[in-house]
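Q: Give me a 3D structure for the following:
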Amino acid sequence: MIRQLLLTALTVSAAVLAAACGEDTADSDDGGADASPTPARRIVDAPIDEAELIIRESFPPQYAVRVLSGIPDGCHEFHDITTTRTGTTIEIRVTNTVIADPDVACTAIYGTHEEVVELGSDFDRGVTYTVRVGDKTLTFVGEGTDIPDSGTP
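A: Prediction:
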């Protein structure tokens with residue numbers, strides 16, 4: 001009887017030890033066939049829904065543009081906003097990334113990304129400036145950094 005009890009205990013111990021030492025593939029995070037690879041993405045211009053000039057009441061005046069860009073579907077993600085100034089023209093480019101594979105199914109939910117792009121205060125008084133954001137064009141006349149004439153000599 002004791003011999004049978006010891007044999008049973010030894011068998012159970014061996015089974016527990018084998019289970020503990022075995023490979024658990026169900027929960028392993030080894031990047032196997034069950035892992036979803038990150039799809040390749042490419043950068044594209046974002047559609048511009050709105051662009052609004054902001055002139056802050058400060059001295060010198062601070063200029064900014066509120067940009068509302070589109071995220072056309074679930075395969076697109078906001079990427080970046082860049083600003084380039086050449087003379088009196090300011091170009092604001094908004095980009096998204098999109099899954100590169102055209103055969104991937106995407107949710108048809110249109111989203112937006114809103115951001116305020118600071119332009120600064122370096123704008124000469126009386127000079128007309130053009131801001132291009134995608135297919136939108138804004139213009140403003142610089143108020144400059146001159147101290148306004150108070151009318152006294």
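Q: Can you give the strand pairings for the helix or strand where Gly70 lies, parallel or anti for each?
A: Taking DSSP states H and E as the definition, Gly70 sits inside strand 62-71. According to DSSP bridges, strand 62-71 forms sheet pairs with strand 48-56 (antiparallel), strand 111-120 (antiparallel).
Q: export those to JSON lines and tack on mean pLDDT?
A: Formatted as JSON lines, these follow (pLDDT from 0 to 100):
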{"stretch": "strand 48-56", "mean pLDDT": "97"}
{"stretch": "strand 111-120", "mean pLDDT": "98"}
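Q: Columns distance to Thr89 and mean neighbour count on top of those strands, output as CSV?
A: (Glycine included, C-beta is placed from N, CA and C.) Below are the strands paired with strand 62-71 laid out as CSV (distance: least, C-beta to C-beta, whole Å; neighbours: other C-beta atoms under 10 Å):
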stretch, distance to Thr89, mean neighbour count
strand 48-56, 14, 15
strand 111-120, 12, 15
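Q: okay if I get these as JSON lines plus distance to Arg132?
A: Listed next are those as JSON lines, based on distance: least, C-beta to C-beta, whole Å:
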{"stretch": "strand 48-56", "distance to Arg132": "9"}
{"stretch": "strand 111-120", "distance to Arg132": "12"}
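Q: now for the ones you listed, which one comes closest to Arg41?
A: strand 111-120 (16.0 Å; C-beta to C-beta).
Q: Going by residue numbers, what spans are strands in this structure?
A: Taking DSSP state E as the criterion, the chain carries its strands at 41-45, 48-56, 62-71, 76-86, 89-99, 111-120, 128-133, 136-141.
Q: Can I get the ones you listed in CSV including distance to Ala105?
A: Below are the strands of the chain laid out as CSV (distance: least, C-beta to C-beta, whole Å):
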stretch, distance to Ala105
strand 41-45, 16
strand 48-56, 25
strand 62-71, 17
strand 76-86, 14
strand 89-99, 10
strand 111-120, 17
strand 128-133, 31
strand 136-141, 31
